[in-house]
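**Student:** Fold the following and give me the result.
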Amino acid sequence: MTLEEAIKLAKTCAQQMDARYKKTVFDEWAIVSMSNRDRRMLAYIGPRRDGFQKNFLVDAGSLRAGLLKQEHNAGDFEFARHGVGTGFEAFMALGKGMYLICNNTVQSMDGISQDPLWLSAQVPFVELSDRVRDDELVSSS
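**Tutor:** Residues are numbered from 1 along each chain as shown. Here you go, the predicted model:
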């Protein structure tokens, strides 16, 4: 898939998750390239574009090791249970060295998952994962 297609899919996923959860699940979504130790933001939706880039490694928190390893297949994802504030809640591998970062800048994943609606809100995320497995994001550079 192209970057434009990945952005559209991420937006659709966010809308579907929010509709099922009846409030915002992740208010920050970013597509990043982590190839060759070069970290580039390819797309961003959220309240703190500059802060996201500036604080990326700190905000990656417990997900940092997984992101830096880059040993994921397209569609693989991880969640951080205790990512508080700007600490990232999740990432999904979109392709070689490319990731979708998902974050709630107010709640932790632990807090989000306490709501029973979280179960149904996960469905669009898993569907996105399946879609990415079938058609990964390919770098245009």
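**Student:** Flag every buried residue along the top helix by length along the chain.
**Tutor:** The helix that spans the most residues within the chain, counting by DSSP state H, is helix 3-21. Along helix 3-21, these residues count as buried under the neighbour rule (16 or more other CB atoms under 10 Å): L3, A6, I7, L9, A10, C13, A14, Q16, M17, D18, R20, Y21. Every C-beta, even on glycine, is put in place using the N, C-alpha and C of the backbone.
**Student:** Packing partners of that helix?
**Tutor:** strand 28-33, strand 40-45, helix 118-134 (3 or more CB pairs under 8 Å, 6 or more residues apart in numbering; DSSP states H and E).
**Student:** lowest confidence element among the helices and strands of the chain?
**Tutor:** Of all helical and strand segments in the chain, the minimum by mean pLDDT, DSSP states H and E falls on helix 64-69, at a mean of 82.
**Student:** now what about that one, what contacts it?
**Tutor:** Helix 64-69 is contacted by residues M34, L57, A60, H72, E78, F91, Y99 when judged by CB atoms under 8 Å, 6 or more residues apart in numbering.
**Student:** Pull that helix out as PDB, backbone CA atoms only.
**Tutor:** As requested, the backbone C-alpha atoms of helix 64-69 are provided in PDB (Å, rounded to 0.1, in the frame of the first residue of the first chain):
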ATOM      1  CA  ARG A  64      11.000   1.700  22.700                       C
ATOM      2  CA  ALA A  65      12.900  -1.600  22.600                       C
ATOM      3  CA  GLY A  66      10.400  -3.200  20.200                       C
ATOM      4  CA  LEU A  67      10.400  -0.200  17.900                       C
ATOM      5  CA  LEU A  68      14.200   0.000  17.800                       C
ATOM      6  CA  LYS A  69      14.600  -3.800  17.100                       C
END
